[in-house]
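S.K.: Got a predicted structure plus its sequence, pasted below:
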Amino acid sequence: MLWYILKRLLASVGTLLVVLAITFFLMNAVPGSPFITEKSTPEQIAAANAKYGLDKPLIVQFKNYLVSYCHGDFGVSLKMQEGTPVTDILFHQGKFQLSIKLGLIALLVAVIIGIPLGCIAAYNRGTWLDGFLRVVTTIGVAIPGFVLATLLLVTFAVKLQWLPTISGSLDSFNVYVMPIVSLSFYYVCYLSKLTRTSMLDAINQDYIRTARAKGVTTKSIVIKHALRNSLIPVITYIGPVIAGIITGSFVVESTFSVPGLGKYFVQSVLARDYTVIMATTFVLSALVIFMNLVVDIAYKIVDPRITLSSRED
Amino acid sequence: MEDNKKLIEIKDLKVSFFTPAGEVKAVDGISYELGYNEVMGVVGESGSGKSVEAYSIIGLLQNPGKVTGGSITFEGEDLLAYTPEQMRQFRGNKVSMIFQNPMTCLNPVYTIGNQLMEALTVHDDKITKEEARARAIEMLEKVGINNAEKRINQYPHEFSGGMRQRAMIAMALICRPKLLIADEPTTALDVSIQAQILELMKELQKKENTSIIFITHNLGVVAEICDKVSVMYAGRIVEQAGVEELFYNPQHPYTKGLLASQPRLDEEEPERLIPIEGTPIDLLNPPTGCNFGPRCKNCMKICLTKKPPYADLGDGHISACWLHFKDLKGKKEE
């Protein structure tokens, strides 16, 4: 098991390298530069390029990135907060923490509501309840995030005035409601659909009939016998989603003026702030890779038939 | 022992499946009784209703199946009047069941021990974990699983097919049920394992004084283990008799056909097996007469218009065929 984890971690270094390379060269393939403004003269741009080493050949620049990443140095921001170390922007300005907080709460909501809803729908298959849930979840999966966020904002903040429009302070509970609802709604619906499908598959298995023949209660059949067997696809889905959701959503953060990482990342791309783009991509991919490893280990815990050692042989 | 009392009595039981195409009468008025410590075989081809009948005893009929008539009485209590909760407590406790495919009947994500102990704890909330564990180990040893102390912590995928069926039997008998329903328990196993499992069931049946309803399509298995046999065809019992009587003196043409289609070891010259010609009837549109009529070699006019009543041939041997009434009719006419 330890050996397996070690191997996976080593392999992830290669994956990260590829991700960095793709990001770097794509980023440079996009026209523009962090230093172009309406007023800047060609001399000023050349001077700035020279200052940050952007006048060197691309391959040398890429090498410089790799070397400094190996030292844990993400460089300084070129435009958004010129001169500030990217590490500070990522970890010491509360952006990432805020996105993690919102993301984890949203995910928790999604799991706590989505999975039981899926179970209920599966157990009541073909009834009006199942039909109702199917309609709601299909709508939830189909509605784009910005539509839902805007609808919430117009309804609860503007018309009813129950909740604040701007999440500036982030110290009261009210502020979190709308961002979390709009972040989690899609996942609630998707998880519910996913759970329903795999539950239906599990419920029709022979071992469920055995459990019924033993006199196990319905509740225990669903929770103990069927749910654990239907969790694999759910875990597969949740793992990478965690990485995505805690790095923030541009749409939700923009709509509700949340100063999180998701919004900042998109802004950095638009501003061609190369060092910030590289660093955020690096952190996000490292998280995705890590979550995939966690998922594989979780498989083993949920289903004892799965062995993790297959790659060693 | 209460040998002479009835354990379970089924009267005119009818079960239908309400499908979009119409009502399928899977079980159409069957009656039998089973005493304590008695083993009854239920034989019939696929779709004859033998499993459906068993599922209705234990209350496991799935939608769209419904009991539409008749009664099931277990130790004097009407099972069909039970509430779902009463039925749940009854299942696994008084009556338990083992199934055809041991490879898929155990939950793959829990240990054998966990599943055995669960069968105990759902019916007895006072039992401690240690007691349940001890009992589970004892049961595993009883069904011939070596090294039960260690085996109890293993998962189903670490057991072979035969071992899993042994574990299933242990699980079914752990609450000391009065009745065990075995739904083709040996069909999915290798022939050599089949013999072992049958031997084990015979032995445990004597030790634990459990009655068994043994559902199978294998007449050899019936001869091995049963005291009496019901032969089912298209939702009805066509013949019922003690096991020897049925094998040596079959009366119903269908039973005769079944026996003729089995290979025999005691024949000097190997002969061709004789199949029963034709296919089972469509239960959506059953014939007005005898269900077996269209396939019967001895089919008469009356067979196609009226369902045959049971003829009592003495000593618990009954058979539903107009042939038994032929002489009667002939005599009257004379």
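M.R.: The structure has been received and is ready for your questions.
S.K.: CA atoms for contacts and neighbours, from now on please.
M.R.: OK.
S.K.: Could you say which helix or strand holds residue 181?
M.R.: I'll assume chain A. For A:V181, the enclosing helix or strand under DSSP states H and E is helix A:173-203.
S.K.: other chain: chain B
M.R.: B:I181 belongs to strand B:179-183 when assigned by DSSP H and E.
S.K.: Find out how far that strand is from the centre of the chain, if you would.
M.R.: Remark: strand B:179-183 is offset 6 Å from the chain centroid, using Cα atoms, centre = their mean, to the nearest Å.
S.K.: tell me what whichever helix or strand comes after it is packed against?
M.R.: Secondary structure here is assigned by DSSP H and E; on that basis, the next helix or strand after strand B:179-183 toward the C-terminus is helix B:191-208. Helix B:191-208 makes packing contacts with helix B:161-173, helix B:219-225 when contacts are defined by 3 or more Cα pairs under 8 Å, 6 or more residues apart in numbering or on different chains; DSSP states H and E.
S.K.: related to what we said a few turns ago, what angle separates the strand holding B:I181 from helix B:191-208?
M.R.: 170 degrees (axes from the mean of the first three to the mean of the last three Cα atoms, to 10 degrees).
S.K.: closest to chain A out of the helices and strands packed on helix B:191-208?
M.R.: When the helices and strands packed on helix B:191-208 are ranked by proximity to chain A, the top entry is helix B:161-173, at 7.4 Å, counting by Cα to the nearest Cα.
S.K.: Show me which residues of the stretch 201-313 of chain A are close to chain B?
M.R.: Taking Cα under 8 Å from any Cα of the partner chain as the measure of proximity, the stretch 201-313 of chain A contacts chain B at A:205-210, A:212-217, A:225, A:228-229, A:302-305.
S.K.: What ranges does chain B have for its helices?
M.R.: In order along the chain, chain B carries the following helices (DSSP state H): B:50-58, B:84-90, B:112-121, B:129-142, B:148-151, B:161-173, B:191-208, B:219-225, B:243-248, B:253-260, B:326-333.
S.K.: Same list (those) but as TSV, adding mean neighbour count and mean pLDDT.
M.R.: TSV is the format used below for those (neighbours: other Cα atoms under 10 Å in any protein chain shown; pLDDT from 0 to 100):
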stretch	mean neighbour count	mean pLDDT
helix B:50-58	22	90
helix B:84-90	16	91
helix B:112-121	24	93
helix B:129-142	18	92
helix B:148-151	16	92
helix B:161-173	25	90
helix B:191-208	15	88
helix B:219-225	17	85
helix B:243-248	16	90
helix B:253-260	20	88
helix B:326-333	10	55
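S.K.: So which of those helices is nearest B:L7?
M.R.: With Cα to Cα as the criterion, B:L7 lies closest to helix B:50-58 of the helices of chain B, at 12.4 Å.
S.K.: Counting by contacts, list what that closest one packs against.
M.R.: Applying 3+ Cα pairs under 8 Å, 6+ apart, one finds that helix B:50-58 contacts strand B:6-19, strand B:22-35, strand B:179-183.
S.K.: out of those strands, nearest to B:M139?
M.R.: With Cα to Cα as the yardstick, what comes closest out of the helices and strands packed on helix B:50-58 is strand B:179-183 (15.3 Å).
S.K.: Next, the angle from that closest one to strand B:22-35.
M.R.: If you take the same axes, to 10 degrees, strand B:179-183 sits at 140 degrees to strand B:22-35.
S.K.: Let me see the contact set for the residue nearest to A:F74 when sequence neighbours are not counted.
M.R.: Take A:F74 and drop its neighbours on the chain: the residue closest to it by Cα to Cα, 6 or more residues apart in numbering or on different chains is A:V86, 5.7 Å away. For A:V86, the contacting residues are A:F74, A:G75, A:V76, A:S77, A:T275, A:V276, A:A279, taking Cα atoms under 8 Å, 6 or more residues apart in numbering or on different chains as the criterion.
S.K.: Tell me the one of those residues nearest B:A195?
M.R.: A:A279 (67.7 Å).
S.K.: With adjacent residues omitted, what lies nearest to that closest one?
M.R.: In space, A:A279 comes closest to A:F74 once its chain neighbours are excluded; the distance is 6.1 Å by Cα to Cα, 6+ apart.
S.K.: do B:E277 as well
M.R.: B:R295 (6.3 Å).
S.K.: which residue is nearest the middle of the chain?
M.R.: Defaulting to chain A. By Cα atoms, centre = their mean, chain A has its centre lying nearest to A:G244, at 1.1 Å.
S.K.: Sorry, I should have been clearer: chain B.
M.R.: With distances taken as Cα atoms, centre = their mean, B:I215 lies nearest the centre of chain B, 2.8 Å away.
S.K.: quick one: it and B:S46 touch, right?
M.R.: No - counting by Cα atoms under 8 Å, B:I215 sits too far from B:S46 to count as a contact (11.0 Å).
S.K.: In contact with A:P304, which residues?
M.R.: B:P108, B:V109, B:Y155.
S.K.: Next: B:T68.
M.R.: B:L13, B:K14, B:V15, B:S16.
S.K.: List the beta-bridge partners for the last one.
M.R.: If I follow you right, that is B:S16. The bridge-partner assignment for B:S16, based on DSSP bridges, gives B:K25, B:K66.
S.K.: Now do it: how many residues are near it, please.
M.R.: Applying other Cα atoms under 10 Å in any protein chain shown, we find 20 residues neighbouring B:S16.
S.K.: Repeat that for the first one.
M.R.: By the criterion of other Cα under 10 Å, B:L13 has 21 neighbours.
S.K.: Can you tell me the closest non-neighbouring residue to it?
M.R.: According to Cα to Cα, 6+ apart, the nearest residue to B:L13 is B:G70 (4.2 Å).
S.K.: Could you do the third one as well?
M.R.: Counting by Cα to Cα, 6+ apart, B:V67 is the residue found nearest to B:V15 once chain neighbours are left out, at 4.3 Å.
S.K.: Count the neighbours of the one you found for me.
M.R.: B:V67 is flanked by 21 other residues according to other Cα under 10 Å.
S.K.: Walking through the stretch 51-200 of chain A, point out its helices one by one.
M.R.: Assigned helices in the stretch 51-200 of chain A, in chain order: A:58-70, A:86-87, A:95-123, A:128-142, A:145-152, A:173-203 (criterion: DSSP state H, counting those that start in this stretch).
S.K.: re earlier: I'd guessed the residue nearest to the centre of chain A sits against A:L284; true?
M.R.: Yes - in terms of Cα under 8 Å, A:G244 counts as a neighbour of A:L284; the distance is 7.3 Å.
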